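Peer 1: Provided below for reference: sequence and predicted model.
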Amino acid sequence: MSFYAHTEGRRAGILRAIECGLRAATFNIVYPPSLDEVEATRGQFDMTVNPQSFRLPFRESTRPPRSRDFLATYGQVAIEDLVEHDEFGVPRELTPAGESLCRDFCRLQVDFGATEIIAPYFLSTGLDDPSFEVSLLCAQFLDSYVDNQDVFAGVMMNEAALLSADTFDRLADRLTSPDVPQLFYLDIDLNVTRGRPLRDRQTLRSLKRLFDAMDDADKYTLLARCNIEGLLLRAATGLSAFSSSYFQSERVALHNQLHVDFEPAGGYRAPTPFLLSPGLLTDIPRDVVRNMTERSRKRLLTCGCESCDEVINADFASGTGALCAAHFYACLTRLDREIDARRTRDGRIDLILGWIEDAEGRSENVAARAGTFTHLAAWRQWLESI
Ligand SMILES: [Zn+2]
């Protein structure tokens, strides 16, 4: 599958979304799937359980309360204890401690029901940070250790690495090289440049170059924590898959939170007051939806999932989180399938360009908060320039 529901802890709507057509999900090992969810995902369903190994080098990120017990048993892990270096100081192979950590995190993912394995990976500041190569070595090790499941190599970096020409070229070379794993799980902080959904032209251009190069090299790339730009990148680049959460706070990368205590001060934010409109290609604030006529709601929000009627008739006062989340995951599943059905890149670009132009036309009649639709023109201009 190429669209994954991303969930960090607020799993509202996952079971319902599965009934609505969702066929892949990525859970967080700190909030693993429930038995009901594992049961519901058996069969034609891809499930990953993110190992959260990137927390281990940060003491504050592995404190023991509640479900983090298993991360806490490791305590703080030093990257240099996981790997042996060659005479040039380059990480060359895992130590017994590194191999044992890989096996443990793999076993945990399998126990929680994962059908695909994400190898332990770590936040790196760039290619010269040993954490980058250690993450690749973990994936290489598990690739030969695991028999029947695909293994993803994790890359966790800030967007800056993509935007610097020098780092970018080396990154693209490294990730497309034949001696690194075939499958990549990219955990990149895309919140640095202003504007989500992503519409910064330089970032889009860099991502396209990277994903096209990886596709040409027969690599499979899953981009985590996308907003709806995941659809744009699937249509216009060699990106293989993406994950996205209904909850906007889960679309923000964890990169900057690893050195602070895990539990957010003041608790978690209230459920996200947005609804995805497939017709407008964006998340619409609920107060805008509330003021729409029933006819507009039907026209702009319907995706054909089993939650749509309820979503359209809801007053959004309370208790609609599961409904809206299921609709979000169903919408993205359906749109992503439509992209998949187009055989050629040109066909896919034509398809999404058509959606964008339709959305621009429709948005003229919707009174929305400033900024709700500004990504559409930027996307169209970018597509027309490639
Ligand atoms: Zn729907």
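Peer 2: Yep, it's here.
Peer 1: Tell me the residues on the chain that lie near the ion, please.
Peer 2: Applying Cβ under 5 Å from the ion, one finds that the chain approaches the ion through C303, C305, C308, H327, A330. Yep, even glycine has a C-beta here, placed from its N, CA and C like the rest.
Peer 1: Those residues, buried ones only, as a ChimeraX selection?
Peer 2: Selection of buried members from the residues of the chain next to the ion for ChimeraX, criterion 16 or more other Cβ atoms under 10 Å:
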select :303,305,308,327,330
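Peer 1: Grab the two from the residues of the chain next to the ion that are most spread out in space.
Peer 2: Based on Cβ to Cβ, the longest span within the residues of the chain next to the ion runs between C308 and A330 and measures 8.0 Å.
Peer 1: Burial check on A114, number of neighbours?
Peer 2: The local packing of A114 (other Cβ atoms under 10 Å) involves 25 other residues.
Peer 1: Tell me who's in contact with it.
Peer 2: When contacts are counted by Cβ atoms under 8 Å, 6 or more residues apart in numbering, A114 touches M47, T48, V49, Q149.
Peer 1: Which of those fall within strands?
Peer 2: M47, T48, V49 (DSSP state E).
Peer 1: Can you classify the residue of the stretch 51-200 of the chain found nearest the ion by secondary structure?
Peer 2: Residue nearest to the ion within the stretch 51-200 of the chain: P197 (19.0 Å; Cβ to the ion). With DSSP: H, G, I helix; E, B strand; the rest coil as the basis, P197 sits in coil.
Peer 1: Count the residues that sit near it.
Peer 2: P197 sits with 22 neighbouring residues when counted by other Cβ under 10 Å.
Peer 1: same thing with R343?
Peer 2: R343 has 8 nearby residues by other Cβ under 10 Å.
Peer 1: What distance do you get for it to the ion?
Peer 2: Between R343 and the ion the computed distance is 27 Å (Cβ to the ion, to the nearest Å).
Peer 1: Dihedrals phi and psi, that residue?
Peer 2: Here is the backbone geometry of R343 (degrees, to the nearest 10): phi -70, psi -40.
Peer 1: likewise F58?
Peer 2: Dihedral pair for F58: phi -110, psi 110, per degrees, to the nearest 10.
Peer 1: For the host helix or strand of W379, C-alpha coordinates in PDB please.
Peer 2: Here W379, judged by DSSP states H and E, is contained in helix 374-385. Written as PDB, here are the backbone C-alpha positions of helix 374-385 (Å, rounded to 0.1, in the frame of the first residue of the first chain):
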ATOM      1  CA  THR A 374      -2.800  29.300  -0.600                       C
ATOM      2  CA  HIS A 375      -1.000  26.000  -1.300                       C
ATOM      3  CA  LEU A 376      -3.100  25.400  -4.400                       C
ATOM      4  CA  ALA A 377      -1.700  28.100  -6.600                       C
ATOM      5  CA  ALA A 378       1.800  27.300  -5.400                       C
ATOM      6  CA  TRP A 379       1.400  23.600  -6.300                       C
ATOM      7  CA  ARG A 380       0.000  24.400  -9.700                       C
ATOM      8  CA  GLN A 381       2.800  26.800 -10.500                       C
ATOM      9  CA  TRP A 382       5.400  24.200  -9.400                       C
ATOM     10  CA  LEU A 383       3.800  21.400 -11.400                       C
ATOM     11  CA  GLU A 384       3.700  23.700 -14.500                       C
ATOM     12  CA  SER A 385       7.400  24.400 -14.100                       C
END
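Peer 1: who touches the closest residue to Y4 other than its chain neighbours in this structure?
Peer 2: Leaving aside its sequence neighbours, Y4 sits nearest to S243 (Cβ to Cβ, 6 or more residues apart in numbering; 3.8 Å). With contact set as Cβ under 8 Å, 6+ apart, S243 has these partners: F3, Y4, A5, H6, T26, L222, L223, A224, R225, C226, G230.
Peer 1: Kindly recompute the last result at 10 Å.
Peer 2: S243 is in contact with 2-7, 24-26, 48, 50, 185, 187, 222-226, 230, 250-251, 332, counting by Cβ atoms under 10 Å, 6 or more residues apart in numbering.
Peer 1: likewise D179?
Peer 2: Going by Cβ under 10 Å, 6+ apart, the list of residues near D179 reads L136, Q140.
Peer 1: can we see that at 8 Å?
Peer 2: Applying Cβ under 8 Å, 6+ apart, no residues contact D179.
Peer 1: What are the phi and psi values at it?
Peer 2: For D179, the backbone dihedrals (degrees, to the nearest 10) come out as phi -90, psi 20.
Peer 1: re the thing from before, quick check: the residue of the stretch 51-200 of the chain closest to the ion touching N227?
Peer 2: Yes: with contact defined as Cβ atoms under 8 Å, P197 counts as touching N227 (4.0 Å).
Peer 1: Could you tell me the model confidence score at the residue positioned nearest the centre of the chain?
Peer 2: When the chain is reduced to its mean C-alpha position, the nearest residue by Cα atoms, centre = their mean turns out to be A224, at 2.0 Å. If you check A224, the pLDDT there is 97.
Peer 1: For it, give me phi and psi.
Peer 2: Backbone torsions for A224, taken as degrees, to the nearest 10, come to phi -90, psi 160.
Peer 1: Flag every buried residue along stretch 206-218.
Peer 2: Buried, per 16+ other Cβ under 10 Å, within stretch 206-218: S206, L207, K208, R209, L210, F211, D212, A213, M214, D215.
Peer 1: got a list of what the closest residue to the fifth one other than its chain neighbours touches?
Peer 2: Think L210. The shortest distance from L210 to any non-neighbouring residue, by Cβ to Cβ, 6+ apart, is to A172 (5.4 Å). Under the criterion of Cβ under 8 Å, 6+ apart, the neighbours of A172 are R209, L210, A213, M214.
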